[in-house]
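Colleague: My questions concern the predicted model and sequence given below.
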Amino acid sequence: MKLPKIREVKEAITALMKGPYTSNCPKVPHEPHPNFRGQPEFSDEKCVGCLACEAVCPVGAIAHKDIVDDKEGPPRRIMIHYTDICIFCGQCEAACIANHEGIKLSNEWELSFFDRKEAFETIEKELQLCEICGSPIACKGHLKWISEKIGELAYSSPTLYLSRLKSLEIIDENIISALKDNGRSDRVKILCARCRRQTTLTTV
Ligand code: SF4
Ligand code: SF4
């Protein structure tokens, strides 16, 4: 019979006196170190739906879907984080324009699941559509963030200052122009870049 080494005997005696080296997980949930890099989580309150995190994610673990013609709710952007392919690198948090708080690494480490198709999390942000063509411009929160960031310079862009005034509820959210001429009267509207160019350059 092979005799145990002195180190093994010492470890066995220490374990008998002090308890086992291993943790009690899963009986007692494991407490990760405060600097542990766990699963990133979106903040519904802080995220403005700018897509910077999606642009920098090295593995494509963040995606979005714009829903513009759903009868059951307002136009909205669904931000999606795919847990199964995330490598917890933290690039999304580092690039987040909302003071790095729109998405943050958490201490969450228990990521097992039965069906891989369920390994994702989502949040929804309201979209601003072009008032002429109806295509998405950006999330309303993002337009508000830009207008706050650039201050009075926002008054050079009707899209930005009208978005700001609507967010402050100073003007009617559902105001529509009396004229439908796609011309001069449309310049003071919330427009996408293409419609802004057309109303500015192709009308007299
Ligand atoms: S932690 Fe890295 S891999 Fe995961 S979503 Fe953020 S950027 Fe992508
Ligand atoms: S605000 Fe932050 S979390 Fe939200 S879309 Fe932009 S970068 Fe991503």
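Modeller: Great, that's in hand. Since we're looking at a predicted model, the values are computed, not measured. Numbers count the residues shown, from 1 in each chain. Ligands and ions are numbered 1, 2, ... in the order given.

Colleague: Pull out the buried residues from stretch 46-60.
Modeller: By neighbour count on 16 or more other Cβ atoms under 10 Å, the buried set for stretch 46-60 is 47, 48, 49, 50, 51, 52, 53, 54, 57. Where you see a C-beta, it was placed from the backbone N, CA and C, and this is true even at glycine.

Colleague: Among those, pick out the one closest to residue 119, please.
Modeller: When those are ranked by distance to residue 119 (Cβ to Cβ), residue 57 comes first, at 15.3 Å.

Colleague: can you redo the buried residues of stretch 46-60 as a markdown table with pLDDT and secondary structure?
Modeller: A markdown table is the format used below for the buried residues of stretch 46-60 (pLDDT from 0 to 100; DSSP: H, G, I helix; E, B strand; the rest coil):
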| residue | pLDDT | secondary structure |
| --- | --- | --- |
| 47 | 98 | coil |
| 48 | 97 | coil |
| 49 | 97 | coil |
| 50 | 97 | coil |
| 51 | 97 | coil |
| 52 | 98 | helix |
| 53 | 98 | helix |
| 54 | 98 | helix |
| 57 | 98 | coil |
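
Colleague: Between which two of these is the distance greatest?
Modeller: Comparing every pair within these by Cβ to Cβ identifies 48 and 57 as the most remote, at 17.0 Å.

Colleague: can you list the residues of this structure near ligand 2?
Modeller: 42, 47-53, 79, 95-98, 102-103 (Cβ under 6 Å from any ligand atom).
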